[in-house]
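*Asks:* can't give you the sequence, but here's the structure:
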Ligand SMILES: Nc1ncnc2c1ncn2[C@@H]1O[C@H](COP(=O)(O)OP(=O)(O)OP(=O)(O)O)[C@@H](O)[C@H]1O
Ligand SMILES: [Mg+2]
C-alpha cells in the first residue's frame, strides 16, 4: 500500500493561449499547454528517504509541489498516510531551494515558528535549543539570517522544518548553491537528522552521489514529460563508500549512463 502512494499522476500546465479541447486525453498538448508528468505511479514506505533525480526541467519540483498539495494533479491522485492530498497540510513541510527564513527574526525565533502551539515557555525554549543543536548552530541562536553564511541559513531552515515534527519532509535541491565542503557537511547532517527523526523524506537533487549516499530509495526520471526510468531500493551499508562498495559504484555508472553521461566522473 505504501505511506505515499502516487496513482497514475499526470500534470499538465495549461497555457494562457488555449485550453485542451479534450480534457480526458492526458497527452493532448494543444496550444501552449505543457505536459510535465506523464502517468506516474509509485509508492514509498513510511520513514524512507527517497532521492529523486532527473534532467533539468523534467518536472521534479512539480512532482514535489503536487505531493505537498500546492498544485493539483491534472489526472490521478496522491495519498499520504492513507489520506488523499487535496491541499497543503501542516503534516507536510517543504524546504525550498532558496532560503525561506524570515529576515526580521533571529535563528531561535525562526526555529520557534514551528513550535507556536507550545504554551510552556521553558519547554519551548528547550525544544528550540535541541533542534538548533541537531543542526550544529549552537551559539548562533540570536543571529539574524543576514549574519549567517548560506550553509548556516540552510541548516537553520532545516531545524525549523523538523521542529514542526512533520510526517513528511520535502526538500527541493537543499544543497544547491553551497560550496563543496559545506555541501558535503550538510549532506552528512541531513543523513544524521534522518537517522534521528526517521520521518519520510523526499529529496530532489541533481547530484547523483547525493542520491546514492543518502537514499533508501532512488527514483530516476526521464526528460519532460517525466516518466519513471528507474526506481531502486538501496540496501548498501552505511556509511556508504564508492571505493569500497563495488555494487554502489556500478549503480553510479549505470545512472550516469541513464542520464546521458557515458562515463562516471
Ligand atoms: N507554474 C507553472 N506554469 C507553467 N509551467 C510551469 C510551471 N512550473 C513549471 N512549469 C514548467 O514545467 C516544466 C518542469 O518544471 P519543474 O520546475 O518541475 O522542473 P525540474 O525538474 O524541477 O527542473 P530543475 O531541475 O531545473 O529544477 C518546465 O518546462 C517548466 O517550464
Ligand atoms: Mg526544480
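*Replies:* Here it is on my side, so go on. Predicted, not measured: the structure shown is a model, and the values here were computed from it. Ligands and ions are numbered 1, 2, ... in the order given.
*Asks:* Would you map out the domains in the protein?
*Replies:* As recorded under automatic domain parsing, the domains making up the chain are 4-91+169-258, 100-165.
*Asks:* Now do the contacts for residue 232.
*Replies:* 217-218, 251 (Cβ atoms under 8 Å, 6 or more residues apart in numbering). For the C-beta atoms, the positions are set from N, CA and C on the backbone; glycine is no exception.
*Asks:* Is it in a helix, a strand, or coil?
*Replies:* Per DSSP: H, G, I helix; E, B strand; the rest coil, the local secondary structure of residue 232 is strand.
*Asks:* got JSON lines for the domains of the chain, with distance to ligand 1 and mean pLDDT too?
*Replies:* What follows is the domains of the chain, written out as JSON lines (distance: least, Cβ to the nearest ligand atom, whole Å; pLDDT from 0 to 100):
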{"stretch": "domain 4-91+169-258", "distance to ligand 1": "3", "mean pLDDT": "89"}
{"stretch": "domain 100-165", "distance to ligand 1": "16", "mean pLDDT": "90"}
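*Asks:* Of all the residues in stretch 199-207, which ones are buried?
*Replies:* Within stretch 199-207, the residues scored as buried using 16 or more other Cβ atoms under 10 Å are 199-207.
*Asks:* Likewise for stretch 87-100?
*Replies:* 89, 92-95, 99.
*Asks:* if you go through the stretch 151-265 of the chain in chain order, where are the helices?
*Replies:* In the stretch 151-265 of the chain, the segments counted as helices under DSSP state H, counting those that start in this stretch are 180-197, 208-214, 246-258.
*Asks:* got it, and the stretch 1-150 of the chain?
*Replies:* Going by DSSP H, counting those that start in this stretch, the stretch 1-150 of the chain shows helices at 60-68, 107-112, 121-134, 150-163.
*Asks:* Tell me which of the ones you listed lies nearest to residue 10.
*Replies:* Residue 10 sits nearest to helix 60-68 of all the helices of the stretch 1-150 of the chain, at 10.1 Å, using Cβ to Cβ.
*Asks:* Packing partners of the closest one?
*Replies:* Packing partners of helix 60-68 (3 or more Cβ pairs under 8 Å, 6 or more residues apart in numbering; DSSP states H and E): strand 4-13, strand 34-44, strand 49-53, strand 75-80, strand 92-95, strand 168-172, strand 200-204.
*Asks:* how distant is the third one from the center of its chain?
*Replies:* Put plainly, it is strand 49-53. Put simply, strand 49-53 sits 7 Å off its chain's centre (Cα atoms, centre = their mean, to the nearest Å).
*Asks:* what does it rub up against?
*Replies:* Contacting residues not belonging to strand 49-53 are listed as 44, 60, 63-64, 191, 194, 200-206, 208, 210-212, 214-221, 255, 259 [Cβ under 8 Å, 6+ apart].
*Asks:* Kindly recompute the last result at 6 Å.
*Replies:* If you take Cβ atoms under 6 Å, 6 or more residues apart in numbering as the criterion, strand 49-53 is touched by 44, 60, 194, 201-205, 211, 214-220.
*Asks:* strands paired with that strand, and their directions?
*Replies:* Strands adjacent to strand 49-53 in the sheet, as given by DSSP bridges, are strand 200-204 (parallel), strand 217-221 (parallel).
*Asks:* and stretch 169-182, which residues are buried?
*Replies:* Quick answer for stretch 169-182 (16+ other Cβ under 10 Å): 169-175, 178, 182.
*Asks:* For residue 40, state which of those residues is nearest.
*Replies:* Scanning the buried residues of stretch 169-182 for proximity to residue 40, where the rule is Cβ to Cβ, the winner is residue 170, at 16.1 Å.
*Asks:* What distance do you get for that closest one to residue 144?
*Replies:* As judged by Cβ to Cβ, to the nearest Å, residue 170 and residue 144 stand 26 Å apart.
*Asks:* What of residue 176?
*Replies:* With distances taken as Cβ to Cβ, residue 176 is found 23 Å from residue 144.
*Asks:* same thing with residue 185?
*Replies:* Here residue 185 is placed at a distance of 22 Å from residue 144 (Cβ to Cβ).
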